[in-house]
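Visitor: take this sequence and fold it.
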Amino acid sequence: MRVVGKSEMVKEILENVDDENKTMAFKMVEGQILNYYKSWRSIFNITPMGEGSLVKWTMEFEKQNENIPDPDKYISYMMCLTKNIDAYLLDA
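Guide: Here you go, the predicted model:
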């Protein structure tokens, strides 16, 4: 994962795949992100819309303490990742 100009290692597991609702859930199990957050879960949902689709990411997390900033840098990474996947699929 490349976050705000630096690389961070993360290890995640695929917790759930719901084909009917077009949803996948991932849980972070290792990496720098867990130095800041006690837990982190990402939920990826696709909703068909016309000739395309809408992608929605939901992040569930618990901060290690109240001094930890909001996860803006990780949210920016997820947005960039989604745009890269979109560009790849449009070229396929």
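Visitor: contacts, neighbours, all on C-alpha from now
Guide: OK.
Visitor: distance from stretch 30-40 to the middle of the chain?
Guide: In terms of C-alpha atoms, centre = their mean, to the nearest Å, the centre of stretch 30-40 is set 13 Å apart from its chain centre.
Visitor: what is the end-to-end distance of that stretch?
Guide: As for stretch 30-40, its first-to-last residue distance stands at 10 Å under the measure C-alpha to C-alpha, to the nearest Å.
Visitor: pLDDT weak spots in the protein?
Guide: Across the chain, the ranges flagged by pLDDT under 70 are 1-5, 92.
Visitor: make it 90
Guide: Low-confidence regions of the chain, defined here as pLDDT under 90, cover residues 1-10, 51-54, 72-92.
Visitor: hey, where'd the helices end up in it?
Guide: Assigned by DSSP state H, the helices in the chain fall at 33-36, 72-91.
Visitor: buried sites along the shortest one?
Guide: This points to helix 33-36. With burial defined by 16 or more other C-alpha atoms under 10 Å, the residues of helix 33-36 counted as buried are 33-34, 36.
Visitor: over to stretch 14-24?
Guide: 23-24.
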